[in-house]
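Trainee: sequence? don't have it. structure:
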């Protein structure tokens, strides 16, 4: 099933660039050009990810309409993740979005490669057996590191954060390997139970039948 993404920006050219950039991924992409049309889309369709500009006009002349979308998602569509785009390259701006539950952020201008890297990260995390556990771990680690970092006047801010994110990926990769071992263990136990059930078709002594029943029971408990 395709990964469903909603791209929100009141700038047509930016939306077009993002859509064209993500076209190489197995994604179903929708777009919205305002806060209201974005919220309407979210209410009518379930998205895996919403990528939105933080600084869009909203009601009462509010300039951070993207944050209104983030709050709406948190309250009404908790399974949807969000990336916030902002042109203000400060630690505070990133932390604000992350505190409200955003999966990640994008500091303008960003490269196509960087956008794809972040989206592919979420797609990969969603493939875990327990995706919410992994996604929350990523959010927590990144948030804590950003709050500890003193990088707001660092010209290499984004590159340093990119390195941090790659290290988080590396750390969480061990969880994926553990999940794979668990899957392989369950498959092996399923085969054991299957073979044991086939033995039941044969004429068995009472002791043998009891042993086979016990094997099936123990295997099924661990599958």
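Mentor: Sure thing, it's come through. Values in this document were obtained by computation on a predicted structure and should not be read as measured data.
Trainee: in the chain, which helix has the most residues?
Mentor: helix 157-199 (DSSP state H).
Trainee: helices or strands up against that helix?
Mentor: On a contact count with 3 or more CB pairs under 8 Å, 6 or more residues apart in numbering; DSSP states H and E, helix 157-199 meets helix 112-126, helix 131-148, helix 206-222. Any C-beta I mention is one placed from the backbone N, CA and C, and that applies to glycine too.
Trainee: Comparing those by mean pLDDT, which bottoms out?
Mentor: For the helices and strands packed on helix 157-199, the weakest mean pLDDT is recorded on helix 206-222, namely a mean of 74.
Trainee: Now render the helices and strands packed on helix 157-199 as CSV, adding distance to residue 192 and mean neighbour count.
Mentor: Below are the helices and strands packed on helix 157-199 laid out as CSV (distance: least, CB to CB, whole Å; neighbours: other CB atoms under 10 Å):
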stretch, distance to residue 192, mean neighbour count
helix 112-126, 31, 17
helix 131-148, 28, 15
helix 206-222, 5, 13
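Trainee: now those as CSV including distance to residue 198?
Mentor: Listed next are these as CSV, based on distance: least, CB to CB, whole Å:
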stretch, distance to residue 198
helix 112-126, 37
helix 131-148, 36
helix 206-222, 10
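Trainee: Would you mind saying which of those helices lies nearest residue 38?
Mentor: helix 112-126 (17.6 Å; CB to CB).
Trainee: Can you give the contact residues for that closest one?
Mentor: 3, 5, 17-18, 21-22, 24-27, 48-49, 51, 81, 83, 103-104, 106, 131, 134-135, 138, 158, 162, 165, 169, 172 (CB atoms under 8 Å, 6 or more residues apart in numbering).
Trainee: What residues of stretch 165-183 count as buried?
Mentor: Buried positions in stretch 165-183, judged by neighbour count with 16 or more other CB atoms under 10 Å: 165, 168, 172, 175, 176.
Trainee: Stretch 42-58 now?
Mentor: Buried-residue list, stretch 42-58, by 16+ other CB under 10 Å: 42, 47, 48, 49, 50, 51, 52, 53, 54, 55, 56, 58.
Trainee: out of those, which are inside strands?
Mentor: 49, 50, 51, 52, 53 (DSSP state E).
Trainee: dump the residue contacts of the second one.
Mentor: Put plainly, it is residue 50. 5, 6, 8, 38, 42, 69, 73, 80, 81, 82, 83.
Trainee: Next step: these restricted to strands.
Mentor: Of the contacts of residue 50, the ones assigned to strands by DSSP E are 5, 6, 8, 81, 82, 83.
Trainee: can I get these in JSON lines with distance to residue 144, pLDDT and neighbour count?
Mentor: Compiled in JSON lines, the ones in strands among the contacts of residue 50 are given as follows (distance: CB to CB, whole Å; pLDDT from 0 to 100; neighbours: other CB atoms under 10 Å):
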{"residue": "5", "distance to residue 144": "27", "pLDDT": "96", "neighbour count": "24"}
{"residue": "6", "distance to residue 144": "28", "pLDDT": "97", "neighbour count": "24"}
{"residue": "8", "distance to residue 144": "28", "pLDDT": "95", "neighbour count": "27"}
{"residue": "81", "distance to residue 144": "19", "pLDDT": "95", "neighbour count": "24"}
{"residue": "82", "distance to residue 144": "19", "pLDDT": "94", "neighbour count": "26"}
{"residue": "83", "distance to residue 144": "19", "pLDDT": "94", "neighbour count": "22"}
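Trainee: That concludes my questions; thank you for your assistance.
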